[in-house]
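**Student:** Requesting a structural model of the entry that follows:
(chains A and B)
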Amino acid sequence: MRWRRNRVPKAPASLRRSFVTPEGVDLRLELASAGTRASAFILDILILFISLILATILLSLLGIANARAEIFLILWLVGAFMLRNGWFILFEMGGRGATPGKRLLGLRVVARDGGRLTGGAVIARNAMREIEVFLPLSFLGKQAADGAADGFLTLFALCWTGIFLFFPLFNRDRLRVGDLLAGTWVVNNVRAKLGADLVAARAEQPRRVFTDAALDLYGIYELQTLENVLRAGQDDAIATVAATIRRKAGLPDDGDDHGFLSDYYAALRVRLERAVLVGRRREDKHGTAVRR
Amino acid sequence: MSALVDGRAAAPLVNASRFRAAHEGEWDRLDQLVTRMEKRSVRALSEDDILALPLLYRSALSSLSVARETSLDRALVTYLEQLCTRAYFQLYGVPDTATRQLGRFFARDWPLSVQALWRETLICLVLTVAGVIAGWWLVATDPSWYYSIIPDAMSGGRDPSASAETLSATIYGPQEGGGLATFAAYLFTHNSQVAIFAFALGFAFTVPTVLLLVYNGLTLGAMLCLFASKGLGLNFLGWLTIHGSTEMFAIILAGAAGMKIGTAVAFPGREARTEAAVIAGRSAAIAMAGVVLMLLVAGLLEGIGRQTVQSDAMRYGIGLSALAGWLTYYYLPRRQEDQDALAA
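**Tutor:** Sure, this is the predicted structure:
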């Protein structure tokens, strides 16, 4: 079992990427996960299929009623082509940089260098979908048509096309083949609301005081976990966390879990922020204050 | 010393709270402006808003920097991060208006991107011609090759056993099945899809693209040989030229575009591999958009022109002048790009 110990512990793969604006601030973009992007694609395909089916029904009804049925056939042919190729390209070339599916899930296509999203880039990333999605599909269709006539060849074809289909899983930036060629990536672009100020809310009323020993229990990581618990506002979670903190600090239960946690949060944040201001950051409960 | 409920001790109003109270108004206004731009466009903003936008954006960026250094309130930092990101992409990342993009595409981007492909275009032309010669030679030495090169569905009765009259009828006869315009639409969509496919396949180190081009040449050579053996070579060529000059050119360009990205990935040269891929991919994609337009023209010529124009001379005339038109449009020397200081 020696080889196990030699392994260097890897940091968990993060989807945050450093991105410095011309003003010199790092925006730390968050890339979309492979799952979200697949869902967005499936949403788009669903919308595409439904509109195609509706248009087909509409056009065939019109075509039967009308003497000049040919026009509707042409409309259908060109319309289907435009839907298949134009849907993604036209939506992504618009100001939002996202198809309806991506917008629903809060995604956006952006250029990796942070510049404008050019038409060439959008066309390149979407033309590549031919080999990423339609190539495997056509091989699958061929196999279904031929039966198991040529098993090994189909297997090889599926592996080969699988490389393109699952390309986003093989690189850490979740780039499709299209993204790679177009110099784009897909980032989360969700609109968030500014949550209430937890500390200011407690400033105006009587509150509990804590000893230094009680406040020395935790670091920044625990503070922010506590913040999440308070913002989520789930009673059982609050009760559990309050009980744990009381036990560790040796404090009696006063029956008001929420009030207790809010006061503890405020006091801990004041203490940790003061330390940060003088350059002592305590990342979590295991760490002692590190001077940066 | 346990937790006592105390009277109002020294207010622990942290710096972040004061900071937040001072700037929340600006953040809110920026949020509203950006939301309006995302929902509609820049035109939804009034003049005052547009003037305020860069100031609000910079102040939000500086707020973000301050918040990251002084505040441990994660909700605040997350909010500022997403606000600044959204504002950044509305200010820096939005593409040009559609009309300006279209204008530049026809005036510069399309011909220049095709020009940049000249080396690959030549190679693809050579490959196609090699395919034609090979196809001709194979069928000339042994007509049974014809059946292995051309699938039954495509030949439509045009095979070595057919008489000269039957073959002649396929060239000059009326189109069977469907109106001309429908046929044109079908040809356009089908050929474009194949061209886009050939382009995308180039990513696999161009091998499939090369195979497609050679095969395309083979079928052409086999057909030519068949018609020539019945003394209809020139007539067939005329039937083909009227649309084929545009169509074959488009297919060669699609192959060249695919070859460009494939070679850029395989042999990146001085650039990093991804850089080379991006440069090649963006310019080749523009050429591909042009190829689809060429195939639209070819589909119209093939679907409508070929059946209505029955004289060989006219067919050659239309086909060759179309070819001359494309060549002039693409390869006529252009002035160097005027450096637009604002766009750069």
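
**Student:** Give me the phi and psi angles of residue 160.
**Tutor:** Since no chain was named, I'll use chain A. Main-chain torsions, A:W160, degrees, to the nearest 10: phi -60, psi -50.

**Student:** ah, no, chain B please
**Tutor:** The phi and psi torsions at B:P160 (degrees, to the nearest 10) take the values phi -60, psi -20.

**Student:** okay, now the nearest residue to it once chain neighbours are set aside: neighbour count?
**Tutor:** In space, and not counting its chain neighbours, B:P160 is closest to B:P143: 4.3 Å by Cβ to Cβ, 6 or more residues apart in numbering or on different chains. (Glycine included, C-beta is placed from N, CA and C.) For B:P143, the neighbour count with other Cβ atoms under 10 Å in any protein chain shown is 16.

**Student:** Next: the one 3 residues further on.
**Tutor:** Residue crowding around B:Y146 was assessed by other Cβ under 10 Å; the count is 21.

**Student:** Would you confirm that it contacts B:P160?
**Tutor:** Yes. Contact criterion Cβ atoms under 8 Å: B:Y146 and B:P160 qualify, at 5.5 Å.

**Student:** Distance of the residue most central in space within chain A relative to B:C124?
**Tutor:** The centre of chain A sits closest to A:A32, judged by Cα atoms, centre = their mean, with a distance of 3.5 Å. Distance, A:A32 to B:C124, using Cβ to Cβ, to the nearest Å: 37 Å.

**Student:** same check, this time on A:D284
**Tutor:** In terms of Cβ to Cβ, A:D284 sits 60 Å off from B:C124.

**Student:** So these two - more neighbours on which side?
**Tutor:** Using other Cβ under 10 Å as the criterion, A:D284 and B:C124 rank with B:C124 on top: 27 against 13.

**Student:** got the contact list for the residue nearest to the centre of chain A?
**Tutor:** Listed by Cβ atoms under 8 Å, 6 or more residues apart in numbering or on different chains, the contact set of A:A32 reads A:15, A:40, A:105, A:107, A:174, A:186-188.

**Student:** hmm, the helix or strand hosting A:W76 touching chain B?
**Tutor:** Following DSSP states H and E, the helix or strand that holds A:W76 is helix A:69-93. Yes. Against chain B, helix A:69-93 shows contacts by Cβ under 8 Å from any Cβ of the partner chain at A:70, A:73-74, A:77-78, A:80-81, A:84-85, A:93.

**Student:** Can you tell me the SS state at B:S161?
**Tutor:** Judged by DSSP: H, G, I helix; E, B strand; the rest coil, the three-state class of B:S161 is coil.

**Student:** Distance of it relative to chain A?
**Tutor:** Per Cβ to the nearest Cβ, to the nearest Å, B:S161 is found 28 Å from chain A.

**Student:** Now the element after the helix holding A:W76, going C-ward?
**Tutor:** Following helix A:69-93 toward the C-terminus (DSSP H and E): helix A:100-104.

**Student:** Run the chain-centre distance for stretch A:60-74.
**Tutor:** Taking Cα atoms, centre = their mean, to the nearest Å, one finds the center of stretch A:60-74 at 45 Å from the center of the full chain.

**Student:** Helices of the stretch 1-150 of chain B, start to end?
**Tutor:** For the stretch 1-150 of chain B, the helices defined by DSSP state H, counting those that start in this stretch cover B:15-39, B:47-70, B:74-92, B:98-104, B:110-116, B:118-141, B:145-149.

**Student:** Now mean pLDDT and distance to chain A too, for those helices, in CSV please.
**Tutor:** Output for these, formatted as CSV (pLDDT from 0 to 100; distance: least, Cβ to the nearest Cβ, whole Å):
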stretch, mean pLDDT, distance to chain A
helix B:15-39, 86, 4
helix B:47-70, 91, 5
helix B:74-92, 89, 4
helix B:98-104, 83, 5
helix B:110-116, 90, 8
helix B:118-141, 92, 16
helix B:145-149, 81, 18
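
**Student:** what about these, which gets the closest to B:L212?
**Tutor:** helix B:118-141 (9.7 Å; Cβ to Cβ).

**Student:** Strands of chain A, start to end?
**Tutor:** With strands called from DSSP state E, chain A shows them at A:16-17, A:29-30, A:107-111, A:184-188, A:207-209, A:280-281, A:290-291.

**Student:** Which of those sits closest to chain B?
**Tutor:** Each of these has some distance to chain B by Cβ to the nearest Cβ; the shortest is strand A:207-209, at 4.1 Å.

**Student:** one step back: so what sits against both of B:Y146 and B:P160?
**Tutor:** What both B:Y146 and B:P160 touch, as defined by Cβ under 8 Å, 6+ apart, is the set B:139, B:226.
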